[in-house]
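In: Just a sequence and a predicted model for now, questions to come.
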Amino acid sequence: MSIRSILVSELFLRPNKFLYRIFRPTPKTIRSIIHPLSSIASFLTSPIQRVTCEKDEFGGVPGVIYHPKKTRDFRRVIVYLHGGGYCWGSSKNTHRVGLSNFASITRISIYCIEYRLAPEHPYPAALEDVQKAWNDITRRFPESEIILAGDSAGGGLSLALMMGLRDNGAKMPDASVLFSPWTDLTCSFDSYNTRASSEPMFPRVAPEDHARYYVPEKIDKSIPEISPVNGSFRGLPRMLILVGNREILLDDSRQVRDKASKDGVDVRLDIWPKMFHDWWLFGFLIPESEKCLREVARWICLSNLDGL
């Protein structure tokens, strides 16, 4: 773990975890603080970003596209679903630094879907939005290799989307990349307790709070559309999962790996030593971010397009 990662973890993330535990802020409060601060950070780092960012709509669902400024791999497209516990987060601000680096390092354009957020728009709004957007994006690129990617809640949403596409006989992604996916909204795996102190980003109660905001009271949180770890993985495309070994969500990733492998999916799980939730989003601030994205880029290229 680098010195810069330690500084980010202990001086920036852990105090926010402490404040969350005390005040238990609502999603609206979190958005009012995190989104503007993220926009400022994105503006300050924009001179060193080697991508362009433009707004678009996909099937009536708002989104943004990150295009590498220089060499671009036109054979591939990444469709991205951001995290934020289904309640906050945006590809335009909270994820801008990370997604800019992702596009720059992979040399692939990233189409990011801005699905509706809870509690104003609870389940199934997010899943409905990404289904509409996916159908529109895939129609635009009938000959391209399409990689579906997402982090945290967006990682779980990616799995739920793929399971629905498979069940409906729709076009599937050619591969998927899941960063620290949140796949069990009952929050019942061991790591929710065993990693509660080592995870610097949020306390044990945060996932439970967000699950309560996202899932209406009368709906079972364990159904695969909400907790995709409980679904069938048969027929899903090759899959790369990346998670830090300090994360509360560590077992979400382990369980997905085990069940996907049992169902015949070509799945690889990379557990990053001493890393915290969504470390790769911090861009140039920590060296592990670039290392992670370069590993993802190498994995993406292990396809028939490259003769491998």
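Out: Yes, it's here.

In: For residue 16, which three-state class applies?
Out: At residue 16 the chain is in helix, as set by DSSP: H, G, I helix; E, B strand; the rest coil.

In: List the contacts of it.
Out: 201, 202 (C-beta atoms under 8 Å, 6 or more residues apart in numbering). Any C-beta I mention is one placed from the backbone N, CA and C, and that applies to glycine too.

In: switch the cut-off to 6 Å
Out: Contacts of residue 16 were listed using C-beta atoms under 6 Å, 6 or more residues apart in numbering, and none were found.

In: And for the one 5 residues further on?
Out: For residue 21, the residues meeting the contact criterion (C-beta under 6 Å, 6+ apart) are residue 203.

In: if you set the cut-off to 7 Å instead, what comes out?
Out: Residue 21 makes contact with 203, 205, according to C-beta atoms under 7 Å, 6 or more residues apart in numbering.

In: would you say it is within a helix?
Out: Yes: Residue 21 sits within a helix when classified using three-state DSSP.

In: per-residue pLDDT, it?
Out: Note on residue 21: pLDDT of 95.

In: for residue 41, same thing?
Out: With respect to pLDDT, residue 41 scores 76.

In: Roughly how far does it sit from residue 301?
Out: Per C-beta to C-beta, to the nearest Å, residue 41 is found 30 Å from residue 301.

In: Show me which residues of whichever strand or helix holds residue 65 are buried.
Out: In this structure, residue 65 sits in strand 61-68 according to DSSP states H and E. Using 16 or more other C-beta atoms under 10 Å as the test for burial, strand 61-68 gives 61, 62, 63, 64, 65, 66, 68.

In: so what's the first one up against?
Out: Counting by C-beta under 7 Å, 6+ apart, residue 61 touches 113, 114, 115, 129, 132, 133.

In: Run through the bridge partners of it.
Out: residue 58 (DSSP bridges).

In: Make 56 the starting number, not 1.
Out: Yep, numbering from 56; the last one is residue 116 now.

In: then stretch 175-193 to CSV, C-alphas only?
Out: Coordinates of the C-alpha atoms in stretch 175-193 are reproduced here as CSV (Å, rounded to 0.1, in the frame of the first residue of the first chain):
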residue,chain,number,x,y,z
GLU,A,175,-37.2,9.4,-5.1
HIS,A,176,-37.0,6.6,-7.6
PRO,A,177,-36.8,3.2,-5.8
TYR,A,178,-36.5,-0.2,-7.3
PRO,A,179,-37.1,-1.1,-10.2
ALA,A,180,-36.4,2.4,-11.7
ALA,A,181,-32.6,2.0,-12.0
LEU,A,182,-32.9,-1.4,-13.6
GLU,A,183,-35.6,-0.2,-16.0
ASP,A,184,-33.4,2.8,-17.0
VAL,A,185,-30.3,0.7,-17.7
GLN,A,186,-32.4,-1.8,-19.8
LYS,A,187,-33.7,1.0,-22.0
ALA,A,188,-30.3,2.6,-22.4
TRP,A,189,-28.6,-0.7,-23.1
ASN,A,190,-31.0,-1.5,-25.9
ASP,A,191,-30.3,1.9,-27.5
ILE,A,192,-26.5,1.7,-27.2
THR,A,193,-26.3,-1.8,-28.6
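
In: Please work out which residues outside that stretch touch it.
Out: 113-116, 118, 134, 136, 141, 166, 168, 170-171, 201, 212, 215-216, 219, 226, 269-271, 274, 280-281.

In: before we move on, what about stretch 281-293?
Out: In contact with stretch 281-293 (C-beta under 7 Å, 6+ apart) are residues 178, 211, 214-215, 217-218, 221, 227-231, 238-241, 270, 276-277, 279, 307, 310-311, 314-315, 318-321.

In: how far out from the middle of the chain is the lengthiest helix in the chain?
Out: Under DSSP state H, the helix in the chain containing the largest number of residues is helix 82-100. A distance of 18 Å separates the centroid of the chain from that of helix 82-100, by C-alpha atoms, centre = their mean, to the nearest Å.

In: repeat for stretch 114-125
Out: Worked out by C-alpha atoms, centre = their mean, stretch 114-125 lies 16 Å from the chain centre.
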